[in-house]
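Novice: I need the structure of the sequence given here:
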Amino acid sequence: MNKVANWFTPTIALARIAWLRTILYLFVILDMHAFVRDTRLKGEHPGLYQPLLLARLLDLPKPSVANTTTLYFVLIVFCLIGATNRLPSLAGWIVAPAFTWWVLIGMSDGKVDHDHLALVVALWVMPTVAPAVKGWNTKWRRDVSPYADQTRSEAAGWAIRCVQIAVIATYFLSAIAKLRGAGWTLAWPGSAILTWAIVRRPHPVGEWLLHHPWMLHVMQWVGIIGEFCSPVILWLKGRWQLMGALFFLGFHVANTAILLIHFLPTVVCWLAFAPLERVVPWFQERRSRVRSDSHAGEAEHQAEESRQAEQQAGA
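Specialist: Okay, the predicted model is just below:
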């Protein structure tokens, strides 16, 4: 039982949470303007609103100009606050439900994008991790940068693990959905689904592949096998985990090149697997090396000037 608990709550440096807060809150602002960007428009036509299951369970009000506009500005303000790692709990507990409501409205037209699963989960778990350094100096700056805080925390590990599980669930549940849609058979990888998708979304790379249908079938088999095997990544470490992550990132690059379909909300959450806490120490070490080399060069130059002065005095 302890092994299971330890797996769900590894000790991870708080710096990784700080980096993720900044990246994810800024990404939410991008998402609101580039991906789920029609929420405010749906507030202008509430008669077309078809609430999703979660919205019905929570009995959320219909979108209107007033509540969608308020939601928009609340998200912008508190995402910017959260991205600075100031007031992380307050900002986090406001952004999480607000953005959840934002996507529930935005996806109420029947098309639910599963690439937002990990992002929404990440927003809910980020405020559960409190920073170790609570004091501020007279210049309104933390004595220790949150991006350099190497304090290890089980709370941070639990939050990171939740995001990692949500990322992997995006792929595994996608494979389950493919099986269910095909009557619980392996008809999907042998079908012409990619051919249909390319015809529906014509693109030079995809149109070239239409002349090589065997390649499309291979890609479908590789894709669904990779999705079924994705949970293995949660137990891999080091380079093996990196290879697994690169496989799925390559998977998304291929999707973008062939179908112009991106999964950026999921891709950005792959950073939960990255040792972001090493970024600041790496730069600090690199900067100290440059400074030491510079000081060594100056000392050598001064020694050379002293020798030349002694030689001139002797002459």
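Novice: please make it C-alpha for all contacts and neighbour counts, starting now.
Specialist: Fine.
Novice: looking at this, Val253 is in a helix?
Specialist: Yes. Checked against DSSP: H, G, I helix; E, B strand; the rest coil, Val253 lies within a helix.
Novice: what residue ranges in the stretch 1-150 of the chain score low on pLDDT?
Specialist: 133-143 (pLDDT under 70).
Novice: which stretches of it form strands?
Specialist: Under the criterion DSSP state E, counting those that start in this stretch, the stretch 1-150 of the chain contains strands at 12-13.
Novice: now the helices for the stretch 151-300 of the chain?
Specialist: 154-181, 193-200, 204-209, 213-229, 238-259, 264-269, 279-314 (DSSP state H, counting those that start in this stretch).
Novice: which one of those lies nearest to Val144?
Specialist: helix 279-314 (11.6 Å; C-alpha to C-alpha).
Novice: same question for the closest one, mean pLDDT?
Specialist: For helix 279-314, the mean pLDDT works out to 70.
Novice: centre-most residue in the protein?
Specialist: Cys269 (2.0 Å; C-alpha atoms, centre = their mean).
Novice: turn the helices of the stretch 151-300 of the chain into TSV, columns for distance to Thr39.
Specialist: Formatted as TSV, the helices of the stretch 151-300 of the chain follow (distance: least, C-alpha to C-alpha, whole Å):
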stretch	distance to Thr39
helix 154-181	23
helix 193-200	25
helix 204-209	31
helix 213-229	31
helix 238-259	24
helix 264-269	17
helix 279-314	36
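Novice: to Ser108, which of those helices lies closest?
Specialist: Of the helices of the stretch 151-300 of the chain, the one closest to Ser108 (C-alpha to C-alpha) turns out to be helix 264-269, at 18.3 Å.
Novice: run the chain-centre distance for the closest one.
Specialist: Here the centre of helix 264-269 is set off from its chain's centre by 4 Å, with C-alpha atoms, centre = their mean, to the nearest Å.
Novice: and what of stretch 247-254?
Specialist: Stretch 247-254 has its C-alpha centroid displaced from the chain centroid by 15 Å (C-alpha atoms, centre = their mean).
Novice: over to stretch 198-205?
Specialist: 28 Å.
Novice: hmm, who's touching stretch 159-169?
Specialist: When contacts are defined by C-alpha atoms under 8 Å, 6 or more residues apart in numbering, stretch 159-169 is touched by residues 8-9, 17, 117-119, 121-122, 125-126, 128-129, 230-231, 233-234, 266, 269-270, 272-273.
Novice: pLDDT averaged over that stretch - what is it?
Specialist: The average of the pLDDT scores along stretch 159-169 is 97.
Novice: give the contact list for Trp270.
Specialist: 164, 167, 245 are the contacts of Trp270 under C-alpha under 8 Å, 6+ apart.
Novice: who are the contact partners of the nearest residue to Thr84 once chain neighbours are set aside?
Specialist: Nearest residue to Thr84, sequence neighbours excluded (C-alpha to C-alpha, 6 or more residues apart in numbering): Thr22, at 6.3 Å. Residues near Thr22 by C-alpha under 8 Å, 6+ apart: 82-85.
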